[in-house]
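**Student:** Here's my sequence, what's the structure:
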Amino acid sequence: MPLSEYEQRVLAQMERQLSSDDPKLAQTFKGGGVRRRTSSVILGVVVVAAGLAMLIGGVSQQLTWLGLLGFLAMFGGVLLALSRGSSASRPGDAGGAAGVAAAKAPRKKSSFMNRLDERWDKRRDQRG
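**Tutor:** Coordinates of the predicted model:
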């Protein structure tokens, strides 16, 4: 069932608001960088499976070094699957001191958040 013209306008407005408030989140929803994340998860799962096979093989053959190597491979695979990659490979991220300064800078509140803050202040003033 297609959206009405009003619903399409509201959806477009919400998309513009999201893009202006949080560009990184909007880029995530548009699909930027998802492929790289998926490939690291798949590679991590493969490494974990290989590590599990080495661990089981090491235990069954009583080869402690192979079991330990398998455990380390499993640990590395989990870290690989959960890692986000380097900041240089992610689009839109600033590296170095500029990235730290940008992270510490206060973010501009959206008009929605301003309205919520105003409502909160009014309620607090009415009670006190």
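**Student:** Next, count neighbours for the closest residue to S83 other than its chain neighbours.
**Tutor:** Distances taken as C-beta to C-beta, 6 or more residues apart in numbering place S40 nearest to S83, at 6.5 Å, with adjacent residues excluded. Placement of C-beta: from N, CA and C, glycine included. Here the number of neighbours of S40 (other C-beta atoms under 10 Å) works out to 16.
**Student:** Could you point out the helix or strand that follows the helix or strand harbouring S40?
**Tutor:** For S40, the host element (DSSP states H and E) is helix 34-60. Where DSSP H and E defines the elements, the next helix or strand beyond helix 34-60 is helix 64-82.
**Student:** what's the angle from that next one to helix 34-60?
**Tutor:** 160 degrees (axes from the mean of the first three to the mean of the last three C-alpha atoms, to 10 degrees).
**Student:** Flag every buried residue along helix 64-82.
**Tutor:** Of the residues in helix 64-82, those buried by neighbour count under the rule 16 or more other C-beta atoms under 10 Å are L66, G67, L69, G70, A73, M74, G77, L80, A81.
**Student:** Name the nearest of these relative to Q13.
**Tutor:** A81 (37.2 Å; C-beta to C-beta).
**Student:** measure that closest one to G67 for me?
**Tutor:** To G67, A81 is 21 Å away according to C-beta to C-beta, to the nearest Å.
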